[in-house]
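Asks: only geometry, no sequence info:
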Ligand code: SF4
């Protein structure tokens, strides 16, 4: 069975094709932006046409660097805007989950996979610190990875967690701050559980200097955020000890919309460009862009494996892999995931082999988003047909002043960076749409774990039950 999933429309009926009435619905954006987004959605509508597949470990890629992504879905509070695969933290369940995760990692090693970096995301990977450290040790022993990135929350920046993470060889710690504005944090449902602005500043100060990269994740275009609030956040970031900051525009997936309306409201597009321009101008020159939404102090830093890696393998429940042009997704049921690992399988339940054109368009998006499409890289990875397949996209971006040629290839202009943020957000919204559809089918299990089920329940999809 094959079906597309898209978060781009409120009905989320499974068809991601933009329709004529999608353009006025993007009210608040300029016409050009709306047209570009509609064209982008049209050209990428087939990316997530997933279909059921057997649960064996896929073969390692023929060449290129591969990152291992490990998903840890447990959180102490569930933020209303979040559309990641997350559940309330339950210690016994979380410890069992980590054991399954390590078994799955071993399975990939036995199948011949080798990784150059590891990225622990969630959820909150530091929800069970001892289990996390044991898993990092296993990954480092098996693969000798040079880079280990871990996501965390402000209140986990405590000496008893930070010390073991540093000793375990973590090279990048990424803290979900979202904002330093207490009013916005309250509306986002984070103030009580993750602390207010003053406390977050103090927590970040404790982690400063302990890791090669300390990244802060912040969100902008929060409904009640005004320019002054964003500027205060930017000032705070410049004054703290973090050497990397990632600024994401707030995204609203169909199932999170209802929760957001009841708490923090919905984002609207009209202020996005102003906010993005403000972020660029206030962070420079202290921080240099390392992707369209990531900025580093003092040179290149790791941003996102989706952008940096040629391939990635996702382990755990609700993780994605991209190997040699095929997208894979693991089960969103924690019970089914554990059962599959117990049966000697991996977590993968669905896949989609991208066509040659889609592979090239995805590479164009991710490379330009990472600030550089290298001509040699494109030819090496996609062959001489690459530039024919993305000719229309590249020409459009050049004509609109969004990308310019340089000695080795193409890079985005400031205007292009803004449009690429819109396009990457649209891409992630599609991914969120798929996540929601899969979570909707295990709503009973998630509800039992104190999780509000997604608002939109799709028609039955066999992949979700596996
Ligand atoms: S935003 Fe972070 S802490 Fe909040 S629910 Fe999502 S993953 Fe958990």
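Replies: Happy to help now that I have it. All values derive from a computational prediction rather than experimental measurement.
Asks: And the closest residue to the ligand within the stretch 151-300 of the chain, how far from residue 227?
Replies: Proximity of the stretch 151-300 of the chain to the ligand (C-beta to the nearest ligand atom) peaks at residue 176, 4.8 Å away. For the C-beta atoms, the positions are set from N, CA and C on the backbone; glycine is no exception. According to C-beta to C-beta, to the nearest Å, residue 176 and residue 227 sit 23 Å apart.
Asks: Please compare the two by neighbour count and tell me which comes out ahead.
Replies: residue 176 (23 against 11; other C-beta atoms under 10 Å).
Asks: who's in contact with the helix or strand harbouring the more buried one?
Replies: In this assignment (DSSP states H and E), residue 176 forms part of strand 172-178. Contacts to strand 172-178, defined as C-beta atoms under 8 Å, 6 or more residues apart in numbering, come from residues 79, 147-154, 157, 162, 165, 184-185, 188, 190, 194, 200, 203-204, 207, 210-219, 242, 244, 246, 301-302.
Asks: Could you do stretch 120-137 as well?
Replies: Here stretch 120-137 makes contact (C-beta under 8 Å, 6+ apart) with 69-76, 84-87, 89, 91, 94-95, 98-99, 101-102, 105, 118, 148-153, 156, 160-161, 164-165, 168-170.
Asks: go again using 7 Å as the cut-off
Replies: 69-76, 84, 86, 89, 91, 94-95, 98, 101-102, 148-153, 156, 161, 164, 168-170 (C-beta atoms under 7 Å, 6 or more residues apart in numbering).
Asks: Quickly find the element holding residue 436.
Replies: Residue 436 belongs to helix 414-440, assigned by DSSP H and E.
Asks: Quickly note the distance from residue 63 to residue 223.
Replies: Counting by C-beta to C-beta, the gap from residue 63 to residue 223 is 46 Å.
Asks: Looking at the two, which one has more neighbours?
Replies: More neighbours surround residue 223 than the other of residue 63 and residue 223, with 18 against 11 (other C-beta under 10 Å).
Asks: And what about the more buried one, helix, strand or coil?
Replies: Assigned by DSSP: H, G, I helix; E, B strand; the rest coil, the conformation of residue 223 is coil.
Asks: Give the closest residue to it in space, chain neighbours not counted.
Replies: Distance criterion C-beta to C-beta, 6 or more residues apart in numbering; nearest residue to residue 223, sequence neighbours excluded, is residue 265 at 3.4 Å.
Asks: so the one you found, which of the three states?
Replies: From three-state DSSP, the assignment for residue 265 is coil.
Asks: Then residue 166?
Replies: Residue 166 is classified as helix under three-state DSSP.
Asks: distance of it from residue 211?
Replies: For residue 166, the distance to residue 211 equals 6 Å [C-beta to C-beta].
Asks: higher neighbour count, those two?
Replies: The neighbour count for residue 166 versus residue 211, taken as other C-beta under 10 Å, is higher for residue 211 (22 against 14).
Asks: Bridged to the nearest residue to that one once chain neighbours are set aside, which residues?
Replies: Nearest residue to residue 211, sequence neighbours excluded (C-beta to C-beta, 6+ apart): residue 173, at 4.8 Å. Note on residue 173: beta-bridge partners residue 150, residue 214, judged by DSSP bridges.
Asks: The one 5 residues further on too?
Replies: With beta bridges defined as DSSP bridges, residue 178 has these partners: residue 218.
Asks: Any idea how many residues pack against it?
Replies: Neighbourhood size, residue 178 [other C-beta under 10 Å]: 26.
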